[in-house]
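J.: sequence below, structure please.
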Amino acid sequence: MFTRLLYLATAHLGLTVEQFWHTPFGLLLDLVECWKQETGRAKPYREAFIDEIIPPGI
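T.: Residues are numbered from 1 along each chain as shown. So this is what the prediction gives:
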């Protein structure tokens, strides 16, 4: 699993090996998931809009 994450981080996310090892695991997984969604390899679990989260008038 770390080999694949290391490959994705260095080849596709532009991180160096040093940055990869210092990145928190949860953040790294979030970055990979965002990259997958941007490239069409994954679909978001739920698509939300800002109007749904923040009510009007605030």
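J.: and the longest helix along the chain, which residues are buried?
T.: Longest helix in the chain by number of residues, with DSSP state H as the criterion: helix 25-39. Neighbour-count burial for helix 25-39 flags 28, 31, 32 (criterion: 16 or more other CB atoms under 10 Å). In this view, the C-beta of every residue, glycine as well, is placed from N, C-alpha and C.
J.: swap in stretch 10-20?
T.: 13, 15, 20.
J.: so how far is residue 56 from the second one?
T.: This means residue 15. Note on residue 15: its distance to residue 56, by CB to CB, to the nearest Å, is 39 Å.
J.: please apply the same query to the last one.
T.: Noted for residue 20: a distance of 42 Å to residue 56, by CB to CB.
J.: quick one: pLDDT of residue 9?
T.: What the model reports as pLDDT for residue 9 is 95.
J.: cool, residue 43 as well?
T.: 88.
J.: number of nearby residues for it?
T.: 9 (other CB atoms under 10 Å).
J.: follow-up on the earlier one: with pLDDT as extra columns, can I get the buried residues of stretch 10-20 in CSV?
T.: What follows is these, written out as CSV (pLDDT from 0 to 100):
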residue, pLDDT
13, 95
15, 96
20, 96
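J.: just give me the residue right at the centre of this protein.
T.: Geometric centre of the chain, nearest residue: residue 31, 2.2 Å, by CA atoms, centre = their mean.
J.: so who does the nearest residue to that one once chain neighbours are set aside touch?
T.: Once flanking residues are discounted, residue 31 sits nearest to residue 13: 5.7 Å by CB to CB, 6 or more residues apart in numbering. Taking CB atoms under 8 Å, 6 or more residues apart in numbering, we find residue 13 in contact with 31, 32, 35.
J.: one step back: out of the buried residues of helix 25-39, which is nearest to residue 6?
T.: residue 28 (9.7 Å; CB to CB).
J.: show me the shaky parts of this structure.
T.: For the chain, no stretch is flagged by pLDDT under 70.
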